[in-house]
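Undergrad: Take this sequence and fold it.
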Amino acid sequence: MKLIAFTHNNKRQIGAVDDEYVIPVDEQGPDNLVEYFTADDATKRRLEDRISSAKHRVALEDIKLQAPIPRPPKFFGVGLNYADHIEETGAERPEYPTIFNKQSTCVIGPGAAIHRPRVSEKLDYEGEFGIVIGKRCRHVPRERAREVIAGYTICNDVSVRDWQARSHTWTLGKSFDTHGPIGPWIVTPDEIADPHHLDIKTWVNEELRQSSNTRHLIFDCDYLIEYLSTVMTLEPGDIIATGTSSGVGVKMKPRGYMKAGDVVRIEIEKIGVLENPVIEEPADTAFID
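TA: This is a model prediction of the structure:
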């Protein structure tokens, strides 16, 4: 299934996509996907029955997609995880994954605007394959890693390069508000037999900037789950953005940084397309509640 969060008639709901239609969960069901992941089998069967009944349908064009997980408990990034990206940066192949955090307030959904921050012009894209955790777990061996995956999504690890360089952890440059687009939905594992053989491409406007395949991951999905769960409890809704390939703007000559008016589009085989426009950071982003 393709699981979504969406707004229809000013009401936020969750459901599934079936071709050009959306099937909402029933009124007894959970109101967010994190709760859906941990719901009992009967709840999940009800959604499956609604899909097969061809009833309760809403046209996909009549709803507004939201970020499937609007505030993930943890949002991990993985640096230098494609061989071609390591080559373009001149870095050495890592012995262990380079893990960093994106703060959850950076998350936006498909179609929402990425802000070019007023403090920097060095705004970059990173098209990435994302893992969504579906079960609370710890010390998961790699041979059981697939058991804890709720599904897969697309991530744009938007990066402010000069702020990224200010800290060895990279967190500041990875966590500006609006710099964590995810979506357009979460595809359940039954639809993706092999997450390590998927084409992934990124366009800025009509220019293809990145083109690779998840088979080139240095540390694959199963290893990353084993590695992270050795340290901490993983929870439903946690997201792991698995890294980006070559073709990032910072390595182009001249630099290919994003600017207001650009549209960045990421496509991953068997998942779909995540597209977001870029605008200047609005003046009203300064506030104190």
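
Undergrad: My read is that residue 220 contacts residue 198, right?
TA: No: in terms of C-beta atoms under 8 Å, residue 220 does not count as a neighbour of residue 198; the distance is 11.8 Å. Using the backbone N, CA and C atoms, a C-beta is placed for each residue, glycine as well.

Undergrad: list the residues that contact both of these two?
TA: Residues touching both residue 220 and residue 198 (C-beta atoms under 8 Å, 6 or more residues apart in numbering) are residue 214.

Undergrad: Just the C-alphas of the host helix or strand of residue 86, formatted as PDB.
TA: Residue 86 is part of helix 83-89 when elements are defined by DSSP states H and E. The C-alpha coordinates for helix 83-89 follow below in PDB (Å, rounded to 0.1, in the frame of the first residue of the first chain):
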ATOM      1  CA  ALA A  83      30.600   5.500  -3.600                       C
ATOM      2  CA  ASP A  84      30.200   8.100  -6.300                       C
ATOM      3  CA  HIS A  85      29.400  10.900  -3.800                       C
ATOM      4  CA  ILE A  86      32.600  10.000  -1.800                       C
ATOM      5  CA  GLU A  87      34.600  10.300  -5.000                       C
ATOM      6  CA  GLU A  88      33.200  13.700  -5.900                       C
ATOM      7  CA  THR A  89      33.900  15.000  -2.300                       C
END
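
Undergrad: what's it in contact with?
TA: 80, 92-94, 212, 216, 218, 243-248, 251.

Undergrad: and if we set it to 7 Å?
TA: 80, 93, 212, 216, 218, 244-246, 251 (C-beta atoms under 7 Å, 6 or more residues apart in numbering).

Undergrad: Among those residues, name the ones in strands.
TA: The strands, defined by DSSP state E, take in residue 212 from those.

Undergrad: In this protein, mark out all the helices, start to finish.
TA: For the chain, helices defined by DSSP state H occupy the ranges 33-37, 41-53, 83-89, 161-164, 171-174, 221-231.

Undergrad: any chance of these in JSON lines, plus distance to residue 134?
TA: Below are the helices of the chain laid out as JSON lines (distance: least, C-beta to C-beta, whole Å):
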{"stretch": "helix 33-37", "distance to residue 134": "4"}
{"stretch": "helix 41-53", "distance to residue 134": "11"}
{"stretch": "helix 83-89", "distance to residue 134": "28"}
{"stretch": "helix 161-164", "distance to residue 134": "30"}
{"stretch": "helix 171-174", "distance to residue 134": "24"}
{"stretch": "helix 221-231", "distance to residue 134": "11"}
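
Undergrad: Just tell me which of the ones you listed ends up closest to residue 73.
TA: Distances from residue 73 to each of those were compared by C-beta to C-beta, and the smallest falls on helix 33-37, at 8.0 Å.

Undergrad: Which residues does that closest one contact?
TA: Counting contacts by C-beta under 7 Å, 6+ apart, the residues outside helix 33-37 that touch it are 3, 5, 14, 30, 68-69, 134, 150, 186, 236-237.

Undergrad: what about residue 207, neighbour count?
TA: For residue 207, the neighbour count with other C-beta atoms under 10 Å is 9.

Undergrad: about what we covered before: pLDDT averaged over the helix holding residue 86, what's the number?
TA: Per-residue pLDDT over helix 83-89 has a mean of 86.

Undergrad: likewise stretch 213-226?
TA: Model confidence over stretch 213-226 averages 97 on the pLDDT scale.

Undergrad: can you count the residues close to the closest residue to residue 199 other than its chain neighbours?
TA: For residue 199, ignoring the flanking residues on the chain, the nearest one in space by C-beta to C-beta, 6 or more residues apart in numbering is residue 269 at 4.3 Å. A total of 14 residues lie near residue 269 under the criterion other C-beta under 10 Å.

Undergrad: Residue 269 contacts residue 198, doesn't it?
TA: Yes: here residue 269 lies in contact with residue 198, judged by C-beta atoms under 7 Å, at a distance of 4.4 Å.

Undergrad: residue farthest from the centroid of the protein?
TA: Here the centre of the chain is the reference, and by C-alpha atoms, centre = their mean the most remote residue is residue 53, at 30.4 Å.

Undergrad: Could you measure from that one over to residue 47?
TA: 11 Å (C-beta to C-beta, to the nearest Å).

Undergrad: and what of residue 40?
TA: With the distance defined as C-beta to C-beta, residue 40 ends up 12 Å from residue 47.

Undergrad: What are the contacting residues of stretch 229-242?
TA: Counting by C-beta under 7 Å, 6+ apart, residues outside stretch 229-242 touching it are 34, 37-38, 69, 72-78, 81, 128-140, 148, 150, 155, 157, 182, 217, 221, 224, 228.
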